[in-house]
Structure formats: C-alpha cells, structure tokens
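Enquirer: Here's a sequence, model it:
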Amino acid sequence: MSISVFFYLPSNCGRNSSLQVYDLAYEVRWFFTRLRGGQTTTQVASVDRFGVVKTETRNSSSEISIERIDTHKYLLNIFGTQDSDSGEYYCMATPWYLSASTGAWTQAGELTSSRVFLTVQFAVWDSLKLPLLYGAAASLGVGLFSLVLGLVCAQCCCRNTTHTPRSRNKLMDLEMD
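Expert: Numbers count the residues shown, from 1 in each chain. Down below sits the predicted model:
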C-alpha cells in the first residue's frame, strides 16, 4: 500500500512575484508524530535547497520518498505502510531567494503546512476470507478424491479372484493330533 501527501508552497511567499524559477529554492523537512505512544515529533525525511533527499531510518517494512512535482509542489510517498505509520504528518519549508543585486542566497521565514492525520487499518477478515474459502474447498475436494480413489483401488486391486466356496456342511472337519 502506498500513501501520498501533497504540500503546496505559495509561489511568492510574501516576496516579489517577479522571481524566476531558478531564483527560488526550498529546503523542505517532513515530520511525524505518533497518535499513540507520546507526543515526540521525529523528522522522517528532508530535501535541501540543492535537491539532496535524506530519509531517516524507519520501521522494517515502510519506506519514504520525497518527490518534487512542480516548482512549488512536493510529494511525500510512504510505501509498504503498516500500523506503526499511523500518526500526524506535516511539512516545514524554508524558501531561499537569490538576490538580483548581490547574487547571494537569502533565507526567508519558515513555512509550516497543515497537519495530515494518517490512520492505517487492515481489514483482517476481508483479507483472509477468500484464502480460507479456497483452502477449505481444496482440502475437502482432495479428501473426497482420496476416499473415492481408495474405494476404487480396494474394489479393483484387492479382490480375491480364486474364491473357494464353503462346504455346505454345518460342521467343519477338524483334524486332531
């Protein structure tokens, strides 16, 4: 299962709207707070203003990636989600502007996204219903097939063809020592 969360940054961030695409860069960090187990916030991934992505170590099955969709759009992808991924996700971005007069990069005020609550629930019965039905039907079918095959083999193969009839006498002859 894969989950994607968009974060849209405003294009001018309170600055001059005549900035070109290459005059603006963002430093983006994604944070996670568990719903259960305390209010500790941990950073899960970040991308610096040069585009280098760093992800933190997580649980054994899920992986995170950050993708830049557009100039002002970032996408957080969570692959292989599990119950421990349930919680609150949010993003903090720091815009960097290239000054036309000095040619130096200037850091602007930090932007914080709204919080996104992610709840991962697995429908155990729905995921086990068909495999259990198929398994029960297969085992019943194989069991019935083996019974029928055993009866057929017993009738055909184990039949005694040289059957000697019993004597009509009620008493049997016994030899005595």
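Enquirer: which residue ranges form the helices in this protein?
Expert: 124-157 (DSSP state H).
Enquirer: show me where it has strands.
Expert: Secondary structure of the chain by DSSP state E: the strands cover 2-8, 24-34, 41-47, 53-55, 63-70, 73-79, 87-98, 105-107, 111-112, 116-118.
Enquirer: what's the offset of the fourth one from the middle of its chain?
Expert: Shown here is strand 53-55, whose average C-alpha point lies 20 Å from the average C-alpha point of the whole chain (Cα atoms, centre = their mean, to the nearest Å).
Enquirer: what's that strand packed up against?
Expert: Counting contacts by 3 or more Cβ pairs under 8 Å, 6 or more residues apart in numbering; DSSP states H and E, strand 53-55 is packed against strand 41-47, strand 63-70. Just so you know, the C-beta spots here come from the backbone N, C-alpha and C atoms, and that holds for glycine as well.
Enquirer: Would you reformat those strands as CSV and include distance to residue 25?
Expert: Shown next, in CSV, are the helices and strands packed on strand 53-55 (distance: least, Cβ to Cβ, whole Å):
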stretch, distance to residue 25
strand 41-47, 10
strand 63-70, 11
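Enquirer: Out of these, which one sits most buried?
Expert: strand 41-47 (a mean of 17; mean count of other Cβ atoms under 10 Å).
Enquirer: Just checking: what are the partner strands of it?
Expert: strand 24-34 (antiparallel), strand 53-55 (antiparallel) (DSSP bridges).
Enquirer: you'd agree residue 86 is up against residue 120?
Expert: Yes. Between residue 86 and residue 120 there is a contact at 4.9 Å, judged by Cβ atoms under 8 Å.
Enquirer: For residue 127, which of the strands paired with strand 41-47 is the nearest?
Expert: Ranking the strands paired with strand 41-47 by proximity to residue 127 (Cβ to Cβ) places strand 24-34 first, at 24.3 Å.
Enquirer: Buried residues of that closest one, list them for me.
Expert: 24-33 (16 or more other Cβ atoms under 10 Å).
Enquirer: Make TSV from those and add pLDDT and distance to residue 148 to it.
Expert: Listed next are the buried residues of strand 24-34 as TSV, based on pLDDT from 0 to 100; distance: Cβ to Cβ, whole Å:
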residue	pLDDT	distance to residue 148
24	81	77
25	84	75
26	86	71
27	89	72
28	88	67
29	90	67
30	89	62
31	88	64
32	86	59
33	85	61
